[in-house]
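Engineer: Using only what follows, build the 3D model:
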Amino acid sequence: MRIALLTDGLHPYVIGGMQKHSFYLAKYFAKNKVHVDLYHTNQSKYDITKLEFFSDEERKYINSFVIDFPDFGKLPGHYIRESFEYSRRIFELFRSNARVDFVYAKGFAAWKLIGEKKNGFKCSPIGVKFHGMNMYDKAYSFKSRVEQWMLRSPANFNLTHADYIFSYGGKVTDLIVQKAHIPQEKIIEIPTGIEPSWLNEFIHVPSVVRNFIFVGRYDKIKGIEDLTQSIKQLSSDNFKFHFVGPIPDIEKIKLENVIYHGSISDIEKMKSIYRDSDVLVCPSYSEGMPNVILEAMASGLSVIATDVGAVNLMVSKENGWLLSSPGSKEIADAIMKAINISENELISMKKKSVTIVKEKYLWDKIILDTINAIAKRI
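Structural biologist: From the prediction side, this is the model:
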């Protein structure tokens, strides 16, 4: 089988959840001896031509095509224009290369190809993957409403004219069906995954002081402003709160029990911080299926998260607390529950997180489900 994987980057050449998912797709396709024509870009210091984050054996199955991602400045709509131009550059390469059995496209990377196929260009089936469906989700500000409005038309075009749509499931599928009006039979539901090396068999025993962690950038869509307010509202000091990510100094809380680690690229250091924690807090307004939740669960953490995207497939009362909205009061209430819950109950939740990942979300299983789903459609 030969698959064309069209993406706007692979982790760590480009940082982001979608890019991390793209990396593992390419890696595990290759591990399973699926040939991958990889169309991607680079925003890092690494020499992308070496593909040094893949093994020698994996590189035998990856044919890499590196495309510059355009920069059209910062005028409104620049991302949409850049995305279309990037898809055009991919198409110009794609049309001159050997045919593949299936095209797996991330975001808008197949936009031009989908349009050409609609107009008669001969092409194998195209499956499109939008990680979150925030263009159809609830807006959290005037700016987000404008951004959603601008994204909706090109998203509709890609979703409507692609042969198949990959979805994480849960509320992601609901948005695709109800808001984008895509028939259920076009949707392929497959969750994201994590590598077995993340699994933590030694569960950290929580002390009287509970350790919470937030991992992500300072962005309103991640609910970090509400989280900051909720921490200030807490009626207990039996906790420590760790922030990992690029948080501006002006936004930091000046409390001794709130620790800012900055951005961390070292995976082993990140695993260590997770494993010394008790509860991940992920109060986002919109998500697909966050990698940070799987990383935390595999590390043996319970989770407080907003019920958006496919989050409710991972988090329930068995291993955490689902928020109906990311408001500061609801976040504070959930944190207080995690502080006050008994040690045995919290340990049970933490162990359940690891069990869920083992049973459902390891990449060894996810890639086989992906390959089988594609094989049925070619």
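Engineer: And the chain, what are its domain boundaries?
Structural biologist: Taking automatic domain parsing as the domain assignment, the record places the domains of the chain at 2-193+362-375, 196-360.
Engineer: any chance of those in JSON lines, with mean pLDDT too?
Structural biologist: As requested, the domains of the chain are exported to JSON lines (pLDDT from 0 to 100):
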{"stretch": "domain 2-193+362-375", "mean pLDDT": "94"}
{"stretch": "domain 196-360", "mean pLDDT": "93"}
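Engineer: Can you redo those as a markdown table, where the extra columns are mean neighbour count?
Structural biologist: For every residue, glycine as well, the C-beta is placed using N, CA and C. Formatted as a markdown table, the domains of the chain follow (neighbours: other Cβ atoms under 10 Å):
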| stretch | mean neighbour count |
| --- | --- |
| domain 2-193+362-375 | 18 |
| domain 196-360 | 18 |
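Engineer: Distance of G223 relative to Q229?
Structural biologist: 10 Å (Cβ to Cβ, to the nearest Å).
Engineer: Could you tell me the end-to-end distance of stretch 56-67?
Structural biologist: End-to-end distance of stretch 56-67: 23 Å, with Cα to Cα, to the nearest Å as the criterion.
Engineer: Let me see the contact set for the spatially closest residue to N134 that is not a sequence neighbour.
Structural biologist: For N134, ignoring the flanking residues on the chain, the nearest one in space by Cβ to Cβ, 6 or more residues apart in numbering is S286 at 3.9 Å. By Cβ atoms under 8 Å, 6 or more residues apart in numbering, the contact set of S286 is G132, M133, N134, D137, K138, Y140, I221, V308, G309.
Engineer: so how far is R217 from S286?
Structural biologist: 14 Å.
Engineer: what do you get for T160?
Structural biologist: Counting by Cβ to Cβ, the gap from T160 to R217 is 31 Å.
Engineer: got it, and I367?
Structural biologist: If you measure I367 against R217 using Cβ to Cβ, the figure is 28 Å.
Engineer: S342 now?
Structural biologist: With the distance defined as Cβ to Cβ, S342 ends up 34 Å from R217.
Engineer: what's the answer for N156, then?
Structural biologist: N156 sits at a distance of 28 Å from R217 (criterion: Cβ to Cβ).
Engineer: can you give me the end-to-end distance of stretch 286-304?
Structural biologist: With Cα to Cα applied, stretch 286-304 spans 15 Å between its terminal residues.
Engineer: Now do it: distance to the chain's middle.
Structural biologist: Per Cα atoms, centre = their mean, to the nearest Å, the displacement of stretch 286-304 from the mean C-alpha position of its chain is 10 Å.
Engineer: do stretch 215-230 as well
Structural biologist: Stretch 215-230 has its C-alpha centroid displaced from the chain centroid by 17 Å (Cα atoms, centre = their mean).
Engineer: ok, now stretch 238-245?
Structural biologist: Computed by Cα atoms, centre = their mean, the chain-centroid distance of stretch 238-245 equals 22 Å.
Engineer: I would like the residues contacting it, please.
Structural biologist: 208-218, 231, 252-253, 257-264, 270, 273, 277, 335, 339.
Engineer: Please narrow those residues to those residing in helices.
Structural biologist: In helices, defined here by DSSP state H, the members of the contacts of stretch 238-245 are I231, M270, I273, I335, I339.
Engineer: Closest one to K50 out of those, please.
Structural biologist: Within those, distances to K50 taken as Cβ to Cβ reach their minimum at M270, with 23.6 Å.
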